[in-house]
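Undergrad: Sequence first, predicted coordinates after that:
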Amino acid sequence: MPITELAIASIKQDEDTREAFVNTVFPILLSLVDGKKGMKFRTAGKMLSLNDVDVSSEFRPVLGLGWDAVSDFQAVVTAESFSTFKTAVMPLVTAPAFPELYETDVLPLSVYGSTLTEVFKVKVGDDEEKLENAKEAWKNFVGAMKEVKSLNGVSANMEHRTFLGLIGWESEQSREKALRSDGVENLKGCLVNVESFLVKFGGF
């Protein structure tokens with residue numbers, strides 16, 4: 001199955017750190033992943049909201065990638081050259097970033113390429129019933145909206161197995177209209193214990 005990667009960097013909130021991340025550290029990361037075996041797509045952007053709370057005034061960079069396989073990702077991060085990135089980023093962060101990998105039904109190209117990307121995560125652990133309930137709730141939620149770009153899958157490298165759903169929106173207006181339409185808001189509520197955040201990919 002295709003692999004969708006999400007990584008959220010906890011960056012210190014001063015202007016010098018932001019400039020260092022954007023102008024120095026992020027280009028180092030790109031040089032390490034571009035052209036590598038199995039790397040199908042990469043983008044980066046900024047988190048706008050977390051669990052429906054506006055965080056757009058903060059600098060919360062989000063990286064999104066698509067891989068053919070987990071082994072392709074592992075080949076990059078275990079290479080000796082990746083230590084260059086680790087050394088450069090450590091002084092800028094308040095906590096190490098953990099790249100989350102998910103086995104998804106499709107690669108994230110169209111979703112990450114949308115104007116806005118909304119991320120929904122539900123921790124299911126080893127409970128197969130919780131996983132099936134999350135999948136069914138997601139199917140009904142997405143199915144209630146017309147022609148929306150989406151994907152879903154299950155974590156491949158996280159301690160607590162997590163269901164992931166992504167939606168690509170063309171605009172904030174189309175998002176608001178869809179989420180407030182008849183039945184959709186109730187179906188969203190069926191995603192029990194969900195964590196969600198909204199990202200604008202395509203640059204910082």
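TA: Looks like it arrived, so ask away.
Undergrad: For the longest strand that the chain contains, name the packing helices and strands.
TA: In the chain, ranked by residue count with DSSP state E as the criterion, the top strand is strand 39-50. For strand 39-50, the elements it packs on are helix 26-33, strand 61-67, helix 109-112, strand 194-201, judged by 3 or more C-beta pairs under 8 Å, 6 or more residues apart in numbering; DSSP states H and E. (Glycine included, C-beta is placed from N, CA and C.)
Undergrad: Can you say which of those is nearest to D54?
TA: Between D54 and the helices and strands packed on strand 39-50, the tightest spacing by C-beta to C-beta is seen for strand 194-201, at 9.5 Å.
Undergrad: Export the longest strand of the chain to PDB, keeping only CA atoms.
TA: The C-alpha trace of strand 39-50 is given here as PDB (Å, rounded to 0.1, in the frame of the first residue of the first chain):
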ATOM      1  CA  MET A  39       9.700   9.300  -2.800                       C
ATOM      2  CA  LYS A  40       6.600  10.200  -4.800                       C
ATOM      3  CA  PHE A  41       5.600  13.600  -3.500                       C
ATOM      4  CA  ARG A  42       6.600  16.100  -0.900                       C
ATOM      5  CA  THR A  43       5.200  19.400   0.300                       C
ATOM      6  CA  ALA A  44       5.300  21.600   3.400                       C
ATOM      7  CA  GLY A  45       3.000  24.200   5.000                       C
ATOM      8  CA  LYS A  46       1.700  25.700   8.100                       C
ATOM      9  CA  MET A  47      -1.000  24.500  10.600                       C
ATOM     10  CA  LEU A  48      -4.000  26.900  10.700                       C
ATOM     11  CA  SER A  49      -6.100  25.300  13.400                       C
ATOM     12  CA  LEU A  50      -5.900  22.500  15.900                       C
END
